[in-house]
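Participant: My questions are about this predicted structure, shown below with the sequence.
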Amino acid sequence: MNETQRQIQELTTNLKKYNQEYYELDQPTISDSEYDDLLRQLIELEQQYPEYMLSDSPTRFVGGKRSQKFEKVTHQYPMQSLSNAFSFAELEEFEQRILSAVQLTSIEYICELKIDGLAMAAHYDAHGQLQLGATRGDGVTGENVTQNLKALPHFPKQLPLSQPLEVRGEVYLAKSQFHRINHERMVAGEATFANPRNAAAGSMRQLDASIVQKRQLEMFVYGAPQPMYQQFTTDQKHATLLTVFKDLGLPVNPHTQVCQNLQEVWQFIEKWSFERALLDYEIDGIVIKVNDTALYEQIGTTAKAPKWAIAYKFPAEQVETILEDIIFTVGRTGQVTPNAVLTPVQVAGTTVQRATLHNEDYIRERDIRIGDTVVIQKAGEIIPEVVKVVSDKRPENTVAFSMVATCPSCQSQLMRQADEAAYYCQNPQCQSKIIENLIHFASRTAMNIDGLGEKIVEQLYTEQLITTIPDIYRLEHEIITSLERLGDKSAQNLLTAIENSKSNSLEKLLFGLGIRFVGAKVATVLAKHFQTMEQLAQATIEELETIDEIGNRIATSVVTWFANDDNQKLIQQLTDLEVNMTYTNHVEVVGETQFREKTVVLTGTLSKLKRTQAKQLLEQLGAKVTGSVSKKTDYVIAGSEAGSKLKKAQELQIPILTEDDLIAILKEVGLFETE
């Protein structure tokens, strides 16, 4: 085997592995830009030496195999991938190939945002019913995820049709939802998602459709198989079909543009290179298509991709810096995480000095060492991460990474679970774990003890004034004022906040206790169902599993926690200290109004009511107040400067009320005093 053959074989093997991680496992170990670079190397080698191309080369196939969890679906029309371009010169080459094929001197294009999500086909029958949802898979065979597609809150299950229709699109997770989900997973002690694309793909491969619904995934439709253009348009233009889709009620991305030449295409690319940060969803490039679909057959396709379309990929902003050190932090669950200490550098508009290294496996796979010059970027434009090492800049005498064997805080032996990549400190008396738990207990989303922040908790713990949660409720004025920078007034304010927290509803306490997998939402579900801490403590796994949103993992964790003697003593101590152990957030519905059992959305700025006050009053009227407008919304109450929610309500013809309308109804039932 010569050197070229060896390179081709190595690239093929590695790219197949990365494909499996990306498409099947939703756990990529390299960045998109790294993958694209390797694929380009393989394409160039295969073009130069076609006799060495392997039969299973990833340049021949679209993506990943189908998962074994779902029924297989054979696509009537293959779902191809797209070739990539990374420069204007490559776009010019793309255009020359098209002009040569169709014997024209100019061509009209349509540009669309390239949504970073999961490719999906949706099939409607002649009566407009959504019959099938299928992933792309390997382009020929995908997965039947119909129930998950139907769980998307804003994707239509019924269209006004008189003939069958298949549409293709991209399922994605909004950035705002991504942050929400990761926050919930973090406070529940669960692993967070690396980026919105992984979260979307992983969600659509869940066997439980309710998970998809809870995660609020969305889908943009971007096209259809060729026969649909002939059936649904008169001019066979891609832009026309998108308009037809929009009129039918399908979600079409609004940021498309017909371009008369490559210069206009490039202007569109440059515009969105800067403005993509303003979007609430990830895009990783621009898709450029020939607008006249009647030319597609003449232009042709390859085994993997059409020749009449191409994806311009945005380069991820990557910068080099020095990895000065690797330090380890301990979370409240005891997870020990390695972090890179970097020479400060600007990335995507912010100065980065620290970056996550995730875990031991991540570091070893990339052979990351202290002293290395490393390339960093922001994962999903958000979280700084080390992408790779610049190996030819490695100084002499660097040492391969070795995971610490003991906790950096208490020096206890670390343990790694067989099915996890993380190491955990098992010592319940670990100082870092205790401090992190105390900080969490007092945090705004838990017991909301204003003034008991991170620095104060650390001070109190260092002085051994609090070492357990009950100690918070034993603090006295003299103890607090003994701390630096805490005077009489601050001490009194803190004592008042501590006293007020005793009357919090049960769900706040449950969340604050840090039971694994019990985040804020699960805590509320449990508190509502059992009403008291005593009832919850006696629940069995079987009882817990009968509750919506409570699975075996959460049920087992809750039962295990309450079975622990130390935790039982903790609850008794808090009870003795008069901390509330019951659910008190009951809402008594007042009067018979149009809001009873209706879904209401608040938007814009209210001038007479605070947003939280308006929400509570609506709940007293029997309404369910949600954050997004959909076909299920019954009313929208719009204040000043209402934006996209108001516009969507108008499009869906949902009744819109003003703040004064709401106040008039509140006055009728005595919930708002007349001046």
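Facilitator: Structure received.

Participant: Helices of the stretch 51-200 of the chain, start to end?
Facilitator: 88-102, 146-150, 175-187, 196-204 (DSSP state H, counting those that start in this stretch).

Participant: per-residue confidence averaged over the shortest one?
Facilitator: Across helix 146-150, the average pLDDT comes to 92.

Participant: quick one: contacts of it?
Facilitator: 120, 122, 130-134, 155, 157, 171, 203-204, 206, 209, 212, 219 (C-beta atoms under 8 Å, 6 or more residues apart in numbering). Yep, even glycine has a C-beta here, placed from its N, CA and C like the rest.

Participant: Drop anything exposed from the residues you listed.
Facilitator: 120, 122, 130, 133-134, 155, 171, 203-204, 206, 209, 212, 219 (16 or more other C-beta atoms under 10 Å).

Participant: related to what we said a few turns ago, most tightly packed of the helices of the stretch 51-200 of the chain?
Facilitator: helix 196-204 (a mean of 25; mean count of other C-beta atoms under 10 Å).

Participant: Next, the angle from it to helix 175-187.
Facilitator: 70 degrees (axes from the mean of the first three to the mean of the last three C-alpha atoms, to 10 degrees).

Participant: And the contacts of helix 196-204?
Facilitator: 23, 26-28, 116-118, 120, 135, 145, 148-149, 171-175, 177-178, 181, 193, 211-212, 215, 217, 281-282, 380.

Participant: out of these, which are inside strands?
Facilitator: Of the contacts of helix 196-204, the ones assigned to strands by DSSP state E are Leu118, Met120, Thr135, Val171, Tyr172.

Participant: secondary structure class for Glu534?
Facilitator: helix (DSSP: H, G, I helix; E, B strand; the rest coil).

Participant: Give the full set of residues in contact with it.
Facilitator: Taking C-beta under 8 Å, 6+ apart, one finds Met581 in contact with Glu534.

Participant: what's the spacing between it and Tyr473?
Facilitator: 19 Å (C-beta to C-beta, to the nearest Å).

Participant: circling back to that earlier point, now render the ones in strands among the contacts of helix 196-204 as TSV, adding distance to Glu478 and pLDDT.
Facilitator: Listed next are the ones in strands among the contacts of helix 196-204 as TSV, based on distance: C-beta to C-beta, whole Å; pLDDT from 0 to 100:
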residue	distance to Glu478	pLDDT
Leu118	60	91
Met120	64	95
Thr135	64	91
Val171	59	95
Tyr172	56	95
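
Participant: what's in contact with the lowest-mean-pLDDT helix or strand in the chain?
Facilitator: Least confident helix or strand of the chain, by mean pLDDT, DSSP states H and E, is helix 32-48 with a mean of 75. Defining contact as C-beta under 8 Å, 6+ apart, one finds that helix 32-48 is touched by 4, 7-8, 11-12, 14-15, 18, 22, 28, 52-53, 57-59, 84, 86, 284, 313, 315-316, 318, 377, 387-388.

Participant: Return the distance of it from the chain's centre.
Facilitator: 29 Å (C-alpha atoms, centre = their mean, to the nearest Å).

Participant: check contacts around the residue most central in space within the chain.
Facilitator: The centre of the chain sits closest to Phe178, judged by C-alpha atoms, centre = their mean, with a distance of 2.6 Å. The contact partners of Phe178, by C-beta under 8 Å, 6+ apart, come to Phe193, Asn195, Pro196, Ala199, Gly380.

Participant: try 6 Å this time
Facilitator: Pro196, Ala199 (C-beta atoms under 6 Å, 6 or more residues apart in numbering).

Participant: can you list the ones in strands among the contacts of helix 196-204 in CSV and add distance to Leu45?
Facilitator: Output for the ones in strands among the contacts of helix 196-204, formatted as CSV (distance: C-beta to C-beta, whole Å):
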residue, distance to Leu45
Leu118, 30
Met120, 33
Thr135, 30
Val171, 34
Tyr172, 33
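
Participant: Most widely separated two among those residues?
Facilitator: Greatest spatial distance in these: Thr135 and Tyr172, 13.6 Å, computed using C-beta to C-beta.

Participant: Which one of these two is surrounded by more residues?
Facilitator: Thr135 (29 against 25; other C-beta atoms under 10 Å).

Participant: So in terms of bridging, what pairs with the more buried one?
Facilitator: Met120 (DSSP bridges).

Participant: Likewise for Thr329?
Facilitator: Counting by DSSP bridges, the residues bridging with Thr329 are Thr337.

Participant: burial measure for it, as a count.
Facilitator: 15.

Participant: picking that back up, now the contacts of helix 32-48: which count as buried?
Facilitator: Using 16+ other C-beta under 10 Å, the buried ones in these are 8, 11-12, 15, 18, 22, 28, 52-53, 57-59, 84, 86, 284, 313, 316, 318, 377, 387-388.

Participant: Count the residues that sit near the closest residue to Ile283 other than its chain neighbours.
Facilitator: Sequence neighbours aside, Leu113 is the residue nearest to Ile283 in space, at 4.7 Å (criterion: C-beta to C-beta, 6 or more residues apart in numbering). By the criterion of other C-beta under 10 Å, Leu113 has 23 neighbours.

Participant: swap in Gly627?
Facilitator: Gly627: 11 neighbours (other C-beta under 10 Å).

Participant: Likewise for Arg364?
Facilitator: Residues near Arg364, counting by other C-beta under 10 Å: 13.

Participant: closest to Thr546 among the buried ones among the contacts of helix 146-150?
Facilitator: For the buried ones among the contacts of helix 146-150, the nearest to Thr546 is Ala209 (18.8 Å; C-beta to C-beta).

Participant: quick one, phi/psi of that closest one?
Facilitator: phi -70, psi -20 (degrees, to the nearest 10).

Participant: my guess is it contacts Pro153, does it?
Facilitator: No. Ala209 is beyond contact range of Pro153, at 11.7 Å (criterion: C-beta atoms under 6 Å).

Participant: What ranges does the stretch 551-675 of the chain have for its strands?
Facilitator: With DSSP state E, counting those that start in this stretch, the ranges of strands along the stretch 551-675 of the chain come out as 599-603, 624-626, 635-638, 656-658.
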